[in-house]
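*Asks:* here are the coordinates; sequence isn't available:
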C-alpha cells in the first residue's frame, strides 16, 4: 500500500510596501515556479512575451535555452508552429494557439500543436490557463505533453 506524508509550513511573504512585494504576487510566484519546473511549461504575459519557460519546455518546443527566449514575444522568440494541413503552413491564428486563446478569452484552452524542429516536427498537447493579478488576466500558463 502506498504511503504519503504531507508537511505544512508557513509561507514567507514580505511585508506590504517592501521593494520585493511584486515578486510575490500571483504572477511572480508562477514565474518562479515555471522557471524551476521539471515539466515542460511556459508563462507569457498579457503582451504575449515569454516571462518564464522550463528547460524541458524549451527542449520540447525547440526554443534553445530559456534565457534566449525570455522577454521575446511568443511567436517571435523562435517558436515555429505549423498547421495540420498537408501544406504545413505556419500557424499564426491566436484562436488555435492555446496560450494565446487563454489570454484573449480569460478561460482554459486546450489543443494540439505541431512544433517545427530542426530535424523533425513534434506534436504536443497544450493546456493553458489564464493567470490573474488583481482580478485581471495578466498572462497565461501552459503545460505541454508530447503526443
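*Replies:* Looks like it arrived, so ask away. Bear in mind the structure is a predicted one, so any value in this text is a computation, not a measurement. Numbers count the residues shown, from 1 in each chain.

*Asks:* and the strands in the protein?
*Replies:* Shown for the chain, the strands assigned by DSSP state E span residues 41-45, 50-53, 81-82, 109-115, 122-133, 136-146.

*Asks:* need these in CSV (columns: distance to residue 99 and mean pLDDT).
*Replies:* For every residue, glycine as well, the C-beta is placed using N, CA and C. Output for the strands of the chain, formatted as CSV (distance: least, CB to CB, whole Å; pLDDT from 0 to 100):
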stretch, distance to residue 99, mean pLDDT
strand 41-45, 6, 97
strand 50-53, 10, 96
strand 81-82, 11, 94
strand 109-115, 8, 96
strand 122-133, 5, 95
strand 136-146, 5, 95
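
*Asks:* out of those strands, nearest to residue 65?
*Replies:* strand 50-53 (9.5 Å; CB to CB).

*Asks:* partner residues bridging the most centrally placed residue in the chain?
*Replies:* The geometric centre of the chain, computed from its C-alpha atoms, lies nearest to residue 42 (CA atoms, centre = their mean), at 1.9 Å. Beta-bridge pairing of residue 42 under DSSP bridges involves residue 53, residue 142.
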